[in-house]
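Q: Below is the structure, and that's it, no one-letter string:
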């Protein structure tokens, strides 16, 4: 049964009461709209298809992001001391664009508009790459999934992110330094006043470890006798999958020559400090478009070029989740194997 009550504000509140169902209520500018809503709710209750959207209408995306950051993210994402995690930046961008909207108001059209404005840029924000937008959309989808699965909030239209076109996945960077560039870069690294730059760069190339893994690495995880590094802590691993990293003779020499910090870390250097001295070395060497993460690509490329590592062995070293992510290195192995075949053919 539906009842209607005129509020002091001039709006009309509709209430629908049915046995076995909680009371449903909503306020409208006039009685006609209130009656239409009440009839629709009663019809859906009769068919057994009614799902209340009240929670979604009264919860903003900003409120949801706040809960996600405090209750969900610390248990499922890495948390750095400087709070510069990628998921924080993604949530901040989503909060800028959707924070004031109720969850119920986030539909395909709104999400598609966000996608296009990020790709094209706007008056107050520069345009970003397809990979960045793809990750932001993935985070929005996860955020809405958190609302539905963890907080029991029904999404009236379902998850709108699943219904729109996504930007293409990036093919990945393939920047490598030439021999001359590498010689100049190493020379400028040695000139740096920061004593941790050279060991950080060398270990990155020798182990294929990520920057976050290197900076989070502690001496407790280093086994010099077995020539292994054990990455087991969430703070040390990007994908939270433990792995053992083999140490080359060069990596062992670097580790043996490092002083022990009271912090217990192998490279006791702040992330932004390392970023600054690395960028400065690149500037002095006149090297452009080269990042610390490119050292990981350099390491994997060198291993692939040796020709004696199969894809599974490469994955064991790098910690990649899927073998598809290593396809870009298979052509390097093929080139080396072709050279071996040519050498054998000449001998015959």
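A: That came in fine, so what should we check first? Computed from a predicted model, the values in this text were never measured in an experiment.
Q: where's the residue nearest to residue 242 when sequence neighbours are not counted relative to residue 196, distance?
A: Nearest non-adjacent residue to residue 242, counting by Cβ to Cβ, 6 or more residues apart in numbering: residue 232, 4.5 Å away. Where C-beta positions appear, they are placed from N, C-alpha and C, glycine not excepted. From residue 232 over to residue 196 the distance is 23 Å, taken as Cβ to Cβ, to the nearest Å.
Q: can you check residue 61 too?
A: 41 Å.
Q: With neighbour numbers in mind, choose between the two.
A: Using other Cβ atoms under 10 Å as the criterion, residue 61 and residue 196 rank with residue 61 on top: 24 against 21.
Q: what stretches of this structure score poorly on pLDDT?
A: 49-53, 78-84, 122-125, 170-172, 233-240, 321-341, 343-348 (pLDDT under 70).
Q: According to the record, where do the domains of it fall?
A: 2-50, 58-163, 179-344 (automatic domain parsing).
Q: With distance to residue 169 added, can I get the ones you listed in JSON lines?
A: Shown next, in JSON lines, are those (distance: least, Cβ to Cβ, whole Å):
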{"stretch": "domain 2-50", "distance to residue 169": "37"}
{"stretch": "domain 58-163", "distance to residue 169": "6"}
{"stretch": "domain 179-344", "distance to residue 169": "11"}
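Q: among the ones you listed, which is nearest residue 173?
A: domain 179-344 (6.3 Å; Cβ to Cβ).
Q: show me the contacts for residue 56.
A: Listed by Cβ atoms under 8 Å, 6 or more residues apart in numbering, the contact partners of residue 56 are 102-104, 147, 153-156.
Q: Pretty sure it sits in a strand.
A: No: under DSSP: H, G, I helix; E, B strand; the rest coil, residue 56 sits outside any strand and is assigned helix.
Q: For the protein, which segments count as strands?
A: 2-6, 12-16, 24-28, 222-223, 228-231, 243-246 (DSSP state E).
Q: Would you map the helices across the stretch 101-250 of the chain?
A: Along the stretch 101-250 of the chain, counting by DSSP state H, counting those that start in this stretch, helices occupy 108-120, 130-149, 179-191, 197-207, 211-216, 249-256.
Q: out of the ones you listed, nearest to residue 270?
A: helix 211-216 (8.0 Å).
Q: Show me what that closest one is packed against.
A: helix 197-207, helix 271-284 (3 or more Cβ pairs under 8 Å, 6 or more residues apart in numbering; DSSP states H and E).
Q: Single out the most deeply packed of those.
A: Highest mean neighbour count of those: helix 197-207, a mean of 22 (counted as mean count of other Cβ atoms under 10 Å).
Q: So for residue 278, what's the nearest residue that isn't a sequence neighbour?
A: Nearest non-adjacent residue to residue 278 (Cβ to Cβ, 6+ apart): residue 292, at 5.4 Å.
Q: circling back to that earlier point, can you tell me which of the contacts of residue 56 are buried?
A: Among those, those classed as buried by 16 or more other Cβ atoms under 10 Å are 102-104, 147, 153, 155.
Q: now these as a markdown table including distance to residue 162?
A: Output for those, formatted as a markdown table (distance: Cβ to Cβ, whole Å):
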| residue | distance to residue 162 |
| --- | --- |
| 102 | 19 |
| 103 | 15 |
| 104 | 17 |
| 147 | 14 |
| 153 | 16 |
| 155 | 10 |
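Q: Check these against residue 41 and report the nearest one.
A: residue 104 (14.7 Å).
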